[in-house]
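1. Next come a sequence and a model predicted from it.
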Amino acid sequence: MSNVDTRPDQVVCTPGGLPGPQCDQQGRSPVEIITAREVPLGGPRAMGVRRTLPQRQRSLIGAWCFVDHYGPDDVSAAGGMDVAPHPHTGLQTVSWLFEGAVQHIDSGGSAGLVLPGEVNLMTAGQGICHSEVSTDDTSTLHGVQLWLALPEATRNQEAREFEHFAPEPTTFDGGEFLVFLGQLWGSVSPVTTHSPILGAEIRLRPGASFDLPVDESFEHGVLVDSGEIAVENVPVPVNAIGYTGVGLKEMRISNSGDADARLILLGGEPFGEEIIMWWNFVGRSHEEIVRFREEWQEESPRFGQVDGYVGKGGPGRNAEGLGRLPAPRLPDVTIKARRNPPPRVQGGPETTQKAENQQKKETEQ
């Protein structure tokens, strides 16, 4: 779950459109495209995931600070997901599946199956650890793993919490949506969050287009799982996020393809605190991250322990024989917070030139 930085391409369409058929945005809001990077999850038998947050381009959307998208993967031969007990601080994990099933066990004493269309949310607070293993009868694994940064007021809470919710689909002309966090178009999730937030799966039929009422105080990101999707008339590639800043009251989403489409809509009020993310920890300073790592390595009570973990290597062991994931080595530099851009679409010649100059500078170093 470590962050591996790359420099994805950025394409921004602004009102008035770009030359040619790339996008016709007359009267629509600008959209920023955040592309994914491939990241291995685990050891030698690693399952590949596509990570869109965090990036150099943008670190958060609301309190959403981490977005992994995986599958559909045939795991019948490879063994599937087998993540031995590992720690978290200062965040909530949000698990949402399209296909397959994953067994979750955490040190708060909670255990449960992650199933398609049912959200599992775990609140780490000051420290928790958990394991994630796809079930033996899972042949295809497909879904997203998301994190929410906890605000200062609750990030050090002692309680280790776990909630499960199976939302009912809300239908509209052209498709349906399931709200797993927050509220959207009259549909509300009861799951506890600690900042104004939105998470929903949207399914669109071929040729469908609709204008979705959204909270104008939120910034939004649309992660495309499948289909030929356009947000505000801007094409958003599969596996990428189409980002809109605050101020949008209605979001136009279209599926121009001849097959059903699926996407994840993420939103929230801009998160006003700078955070530091390293490995599976969210903190506020380098010193905190160092302390979290030391306490995990020393098997501190901060994180507790997972009872009942059965990995692909048998009871208490994953396929590589590990009973818990060791923390990686810390970098030889002070870890600093990455400043998130303002909650508006980034782009234009000036922004592009600055990004190119920064990339050149980093390469020369």
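-> Cool, got the structure.

2. make it CA atoms for all contacts and neighbour counts henceforth
-> OK.

3. residue boundaries of the helices in the stretch 251-365 of the chain?
-> Counting by DSSP state H, counting those that start in this stretch, the stretch 251-365 of the chain has helices at residues 286-297, 348-364.

4. Compare those helices and say which comes out lowest on pLDDT.
-> Ranked by mean pLDDT, these end with helix 348-364 at the bottom, a mean of 40.

5. and residue 202, how many residues sit next to it?
-> By the criterion of other C-alpha atoms under 10 Å, residue 202 has 21 neighbours.

6. and what of residue 291?
-> Counted with other C-alpha under 10 Å, residues neighbouring residue 291 total 11.

7. where's it relative to residue 229, distance?
-> Computed as C-alpha to C-alpha, to the nearest Å, the residue 291 to residue 229 distance reads 44 Å.

8. how about the nearest residue to residue 76 once chain neighbours are set aside, what does it touch?
-> Leaving out its chain neighbours, the residue that sits closest to residue 76 by C-alpha to C-alpha, 6 or more residues apart in numbering is residue 139, at 4.6 Å. Residue 139 makes contacts with 74, 75, 76, 100, as judged by C-alpha atoms under 8 Å, 6 or more residues apart in numbering.

9. got the contact list for residue 293?
-> By C-alpha under 8 Å, 6+ apart, the contact set of residue 293 is residue 327.

10. I meant to write residue 51 there.
-> Applying C-alpha under 8 Å, 6+ apart to residue 51 gives the contacts 36, 37, 38, 39, 66, 67, 68, 69.

11. Also residue 254?
-> 204, 207, 208, 209, 210, 228, 229, 230, 231, 233.

12. ok, what's across the strand from it?
-> residue 209, residue 230 (DSSP bridges).

13. Quick check: the gap between it and residue 223.
-> As judged by C-alpha to C-alpha, residue 254 and residue 223 stand 13 Å apart.

14. before we move on, the earlier item: farthest-apart pair in the contacts of residue 254, please.
-> Greatest spatial distance among those (C-alpha to C-alpha): 204 and 233, at 15.2 Å.

15. ok, the two, which is more surrounded?
-> Taking other C-alpha under 10 Å, residue 204 and residue 233 do not tie; residue 204 has more neighbours (27 against 23).

16. Once you drop chain neighbours, what's closest to that one?
-> Nearest one to residue 204, counting by C-alpha to C-alpha, 6+ apart, is residue 175 at 4.5 Å.

17. Please save the CA atoms from stretch 209-228 in CSV.
-> Coordinates of the C-alpha atoms in stretch 209-228 are reproduced here as CSV (Å, rounded to 0.1, in the frame of the first residue of the first chain):
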residue,chain,number,x,y,z
SER,A,209,-27.1,11.2,-20.2
PHE,A,210,-28.4,13.0,-17.2
ASP,A,211,-27.8,16.1,-15.1
LEU,A,212,-27.1,15.1,-11.5
PRO,A,213,-27.8,17.7,-8.8
VAL,A,214,-24.7,18.0,-6.5
ASP,A,215,-23.6,20.0,-3.5
GLU,A,216,-21.9,23.2,-4.8
SER,A,217,-19.7,23.3,-1.6
PHE,A,218,-18.2,20.0,-2.6
GLU,A,219,-15.3,19.2,-5.0
HIS,A,220,-16.0,16.0,-6.9
GLY,A,221,-14.2,13.2,-8.7
VAL,A,222,-15.7,10.7,-11.1
LEU,A,223,-13.7,7.4,-11.3
VAL,A,224,-14.6,5.5,-14.5
ASP,A,225,-14.7,1.7,-14.1
SER,A,226,-16.3,1.0,-17.5
GLY,A,227,-18.1,2.6,-20.3
GLU,A,228,-17.5,5.6,-22.6
